[in-house]
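what's the 3D shape of this:
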Amino acid sequence: MKEVILSLLTGIIVGFLFALLKLPIPAPPALAGVTGIVGVYLGFKLFQMIAPMFAK
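Purely as a prediction, here's the structure:
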C-alpha cells in the first residue's frame, strides 16, 4: 500500500509542476490512459498464467 501512496503522491507533484510551468501534461487523456495501463497490467498477468502451460 505504501508503494501505491508514493506513486500517487509522485504523480500529483509531477502534474502540479507541469501545470505550474505551463507544459503539456505527460500523459494520454484520462480514460484512455487509465484503460491502457489496465490493459498492460492484464496482459502481463495473462502471460504469467499461460506461460507455465508451455514451459517444460
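
please make it C-alpha for all contacts and neighbour counts, starting now.
OK.

give me the most central residue, the chain.
Centroid-nearest residue in the chain: residue 37, 4.6 Å away (criterion: Cα atoms, centre = their mean).

now that one, what are its backbone angles?
Dihedral pair for residue 37: phi -60, psi -40, per degrees, to the nearest 10.

all helices for this structure, in order.
Secondary structure of the chain by DSSP state H: the helices cover 2-20, 30-54.

hang on, the earlier thing: how close does the residue nearest to the centre of the chain sit to residue 43?
10 Å (Cα to Cα, to the nearest Å).

same thing with residue 6?
Applying Cα to Cα, the value for residue 6 to residue 43 is 24 Å.

also residue 5?
According to Cα to Cα, residue 5 and residue 43 sit 24 Å apart.

over to residue 51?
Distance of residue 51 to residue 43, computed by Cα to Cα: 12 Å.

give me the more crowded residue out of the two.
Using other Cα atoms under 10 Å as the criterion, residue 51 and residue 43 rank with residue 43 on top: 12 against 9.

confidence score at the more buried one?
On the pLDDT scale, residue 43 is placed at 94.

now do residue 50
Among the per-residue scores, residue 50 holds a pLDDT of 93.

check the burial of it by counting its neighbours.
Residue 50 has 10 neighbours, counted by other Cα under 10 Å.

swap in the one 3 residues further on?
With neighbours defined by other Cα under 10 Å, the count for residue 53 comes to 8.

ok, now residue 44?
Residues near residue 44, counting by other Cα under 10 Å, number 11.

and the one 3 residues further on, by the same measure?
The local packing count at residue 47 equals 10, with neighbours defined by other Cα under 10 Å.
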